[in-house]
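Engineer: next comes the sequence, and after it the predicted model I'd like to discuss.
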Amino acid sequence: MAVTEGTDFRLPLDTVYAGRGEMVTDRQRKDTGKAGEDEACRFLLNMGHTILERNWRCGHLEIDIISLDADGIHFVEVKTRRPPMQALPQESVTPGKQRRVAKAAARYLATCRNGRVRDMECLFDIIAVTLAEDGMKVEYCRQAYYPVFV
């Protein structure tokens, strides 16, 4: 194909470069994220958690999963990837993301009507899900960080 001046090489708005030689649509990215969150919920339920909320939002703040177990209330960030990966999924939970999750957790607790939940220990976890052809791999990083910067 000859390239001529003025040729438009823009991608459709819902397409992003996946970094491994393939294009991924926004729909595929959302489906991957939902599959990871579904698996993370199953994992937490099997660990004895009660799921209180999924994709809880307040303005621009969001928490993927809010769950409860005997140790307290868990604010869980889920990261899902398909191999090959440039980095582990949990490595993408940056200090900035941690601050946003902590801020969302504070907002959740402030608006929560259940006083018992508000008084519980707060834990900030990460669940990394890797989707491969041979199945899913789940890594649970319990108390992955302590938000001292809320």
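Structural biologist: Nice, I can see it.
Engineer: which helix or strand contains the residue positioned nearest the centre of the chain?
Structural biologist: The chain has Val78 as the residue nearest its centroid, 2.9 Å off, counting by Cα atoms, centre = their mean. If you go by DSSP states H and E, Val78 is part of strand 72-81.
Engineer: again with Arg27
Structural biologist: Arg27 belongs to helix 26-46, assigned by DSSP H and E.
Engineer: okay, now the sheet partners of the next helix or strand after that helix, with direction.
Structural biologist: Beyond helix 26-46 in the direction of the C-terminus, DSSP H and E gives the next helix or strand as strand 50-58. Next to strand 50-58 in the sheet, as set by DSSP bridges, lie strand 61-69 (antiparallel).
Engineer: same question for the strand it pairs with, mean pLDDT?
Structural biologist: Across strand 61-69, pLDDT averages out at 97.
Engineer: put the alpha carbons of it into CSV.
Structural biologist: Provided in CSV are the C-alpha atoms of strand 61-69 (Å, rounded to 0.1, in the frame of the first residue of the first chain):
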residue,chain,number,x,y,z
LEU,A,61,-14.3,7.3,42.6
GLU,A,62,-14.8,3.5,42.2
ILE,A,63,-14.1,0.4,44.2
ASP,A,64,-14.2,-2.9,42.3
ILE,A,65,-15.3,-5.1,45.2
ILE,A,66,-16.3,-4.4,48.8
SER,A,67,-16.4,-7.6,50.9
LEU,A,68,-16.7,-8.6,54.5
ASP,A,69,-15.1,-11.4,56.5
